[in-house]
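>>> Need the 3D shape of this:
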Amino acid sequence: MVPQKPKGTQNKAIEQMKRRLFLFSALLAPLAACSSKFRTYDGPEVTRIVVMKDDRRMYLLNDKDILRAFDIELGFAPEGDKQVEGDGKTPEGRYFIDRRNPNSSFHLSLGISYPNQWDVAEAAALGESPGGDIFIHGQPNELGPQTEENWTAGCIAVTNREMEDIYAMVRDGTPIDIFP
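So this is what the prediction gives:
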């Protein structure tokens, strides 16, 4: 005859197992949520980004074909070309995606190669700094979604979900043309 555990002991073991399973799943849930911001993309290469500031639209292109289009928010003073640090303007001209930041203060970010040599010279002629740290990014991590129009310091902002797609699709070195 095989000895059996008393029923109370079996119930305790089952309850402990349930608690452990619950705690384990509670620990995994945040990790699953964190990893979801890193998507994969296996479609056509994004060969160029075009930003139309007046229309508040950004396009990801493969040659001349539009792969995706996004509504965007800009700097707090969006009219005109960025000239100096703190002017709240989004730069205009040809730049390149030159870095990516998965740990940004915003929900992911792609760096834009501002300032270029012309931007530096223009600001120097005014006796000012051109500024820097211009990005395409999602919403602020700490403050949550912004409801005002054109709330950035000169960056290009999209929704977090859109930023996840853009982050997956766009490679470093991709040209970005920003038009008035």
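>>> For Asn101, grab the count of nearby residues.
Close neighbours of Asn101, defined as other CB atoms under 10 Å, add up to 15. Every C-beta, even on glycine, is put in place using the N, C-alpha and C of the backbone.
>>> my bad, should have said Asn62
Count around Asn62 with other CB under 10 Å applied: 14.
>>> hang on, Ile49 packs against Asn62?
No: with contacts defined as CB atoms under 8 Å, Ile49 does not count as touching Asn62, sitting 11.2 Å away.
>>> The residue nearest to Val50 when sequence neighbours are not counted: helix or strand, and which one exactly?
Computed as CB to CB, 6 or more residues apart in numbering, the closest residue to Val50 that is not its neighbour in sequence is Tyr59, at 4.6 Å. Applying DSSP states H and E as the criterion places Tyr59 in strand 57-62.
>>> In that strand, which residues are buried?
Using 16 or more other CB atoms under 10 Å as the test for burial, strand 57-62 gives 58-61.
>>> Next, the buried residues of stretch 91-102.
Residues 91-92, 95-97, 100 are the ones in stretch 91-102 that count as buried (16+ other CB under 10 Å).
>>> Please save the CA atoms from it in PDB.
The C-alpha trace of stretch 91-102 is given here as PDB (Å, rounded to 0.1, in the frame of the first residue of the first chain):
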ATOM      1  CA  PRO A  91      14.900  72.400 -38.700                       C
ATOM      2  CA  GLU A  92      14.400  72.400 -42.400                       C
ATOM      3  CA  GLY A  93      16.700  70.800 -45.000                       C
ATOM      4  CA  ARG A  94      18.400  67.500 -45.600                       C
ATOM      5  CA  TYR A  95      19.600  65.500 -42.700                       C
ATOM      6  CA  PHE A  96      20.200  61.900 -41.800                       C
ATOM      7  CA  ILE A  97      19.000  59.500 -39.100                       C
ATOM      8  CA  ASP A  98      22.200  59.200 -37.200                       C
ATOM      9  CA  ARG A  99      21.400  57.400 -33.900                       C
ATOM     10  CA  ARG A 100      18.600  55.500 -32.100                       C
ATOM     11  CA  ASN A 101      17.800  55.600 -28.400                       C
ATOM     12  CA  PRO A 102      15.700  52.800 -27.000                       C
END
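>>> Could you list the residues in contact with that stretch?
Contact partners of stretch 91-102, identified using CB atoms under 8 Å, 6 or more residues apart in numbering, comprise 37-38, 49, 53, 80-82, 108-116, 118-119, 134-136, 154, 167, 170-180.
>>> Show me this protein divided up by domain.
What automatic domain parsing lists as the domains of the chain is 1-36, 48-179.
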